[in-house]
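**Q** I need the structure of the sequence given here:
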Amino acid sequence: MHHAPEAGDSPSKTEHVDLPLSEQFVLWAARLWVKSQHFGPTLHLNLRNGFRAANMEEGYLMLDRVMTRLSTCATRDIGFHCTCCKGITGHEHTVLGIIAEFQTGEDENARLILSDWFQPVMVDVAGREFQEFAMLLRENGLHIRARQWFSVGGEHSSAPISPLPSIH
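**A** Down below sits the predicted model:
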């Protein structure tokens, strides 16, 4: 898992600030988690405090499991922007989309998307972790909007079309 360059990984023209607050929170948490892996584990305290402020203390541990699974078991490098970047990578949209699929009960769609990132034996494990996180977010009023998916390279959907109009 890495910090994606500003122009890489099929970024959308959607900017972070144009997302609903719930999606901004999830991206902030994921980006800070990645940053903490590269620049200092003390940033995890900020993550804990963020989830505590949102009245979801257990969300920190769930996010940690999801992000650890992405960083250790994904079959490809997953790119996140740094915390100060305005744009959103295609992978960030995909993470939000997976959460949205689980929140709306479209578990098979979510697992299909995860199958682009994980070996078959890990899809169910990653799916359970994503689903637990998605349900916690939903139970606490943090709803993630469904993405519109299109097929890339065959049978699997892996790149979202932003549901928001272009900013540029």
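
**Q** how about the helices in this protein?
**A** 21-39, 43-53, 57-73, 90-103, 107-114, 120-139 (DSSP state H).

**Q** Tell me which of the ones you listed sits most buried.
**A** helix 90-103 (a mean of 24; mean count of other C-beta atoms under 10 Å). No exception for glycine: its C-beta is placed from N, CA and C like everyone else's.

**Q** packing partners for it?
**A** strand 12-15, helix 21-39, strand 79-80, helix 107-114, helix 120-139, strand 157-161 (3 or more C-beta pairs under 8 Å, 6 or more residues apart in numbering; DSSP states H and E).

**Q** mind redoing it with 7 Å?
**A** When contacts are defined as 3 or more C-beta pairs under 7 Å, 6 or more residues apart in numbering; DSSP states H and E, helix 90-103 sits against helix 21-39, strand 79-80, helix 107-114, helix 120-139, strand 157-161.

**Q** looking at the helices of the chain, which is closest to Gly79?
**A** Of all the helices of the chain, helix 90-103 sits nearest to Gly79, with 4.9 Å by C-beta to C-beta.

**Q** Please save the CA atoms from that closest one in CSV.
**A** Extracted C-alpha coordinates of helix 90-103, given in CSV (Å, rounded to 0.1, in the frame of the first residue of the first chain):
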residue,chain,number,x,y,z
GLY,A,90,-9.5,5.1,-8.2
HIS,A,91,-8.6,2.7,-5.4
GLU,A,92,-10.0,5.1,-2.8
HIS,A,93,-13.3,5.2,-4.7
THR,A,94,-13.2,1.4,-4.9
VAL,A,95,-12.8,1.1,-1.1
LEU,A,96,-15.7,3.5,-0.6
GLY,A,97,-17.7,1.4,-3.2
ILE,A,98,-17.0,-1.9,-1.4
ILE,A,99,-18.2,-0.4,1.9
ALA,A,100,-21.4,0.9,0.1
GLU,A,101,-22.1,-2.5,-1.4
PHE,A,102,-21.9,-4.1,2.0
GLN,A,103,-24.1,-1.3,3.5
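
**Q** how much does it deviate in direction from helix 120-139?
**A** 70 degrees (axes from the mean of the first three to the mean of the last three C-alpha atoms, to 10 degrees).

**Q** ok and helix 90-103 relative to helix 107-114, angle-wise?
**A** Between helix 90-103 and helix 107-114, the angle comes out at 160 degrees (the same axes, to 10 degrees).

**Q** Find the residue at the geometric middle of the protein.
**A** Residue closest to the average C-alpha location in the chain (C-alpha atoms, centre = their mean): Val95, at 2.9 Å.
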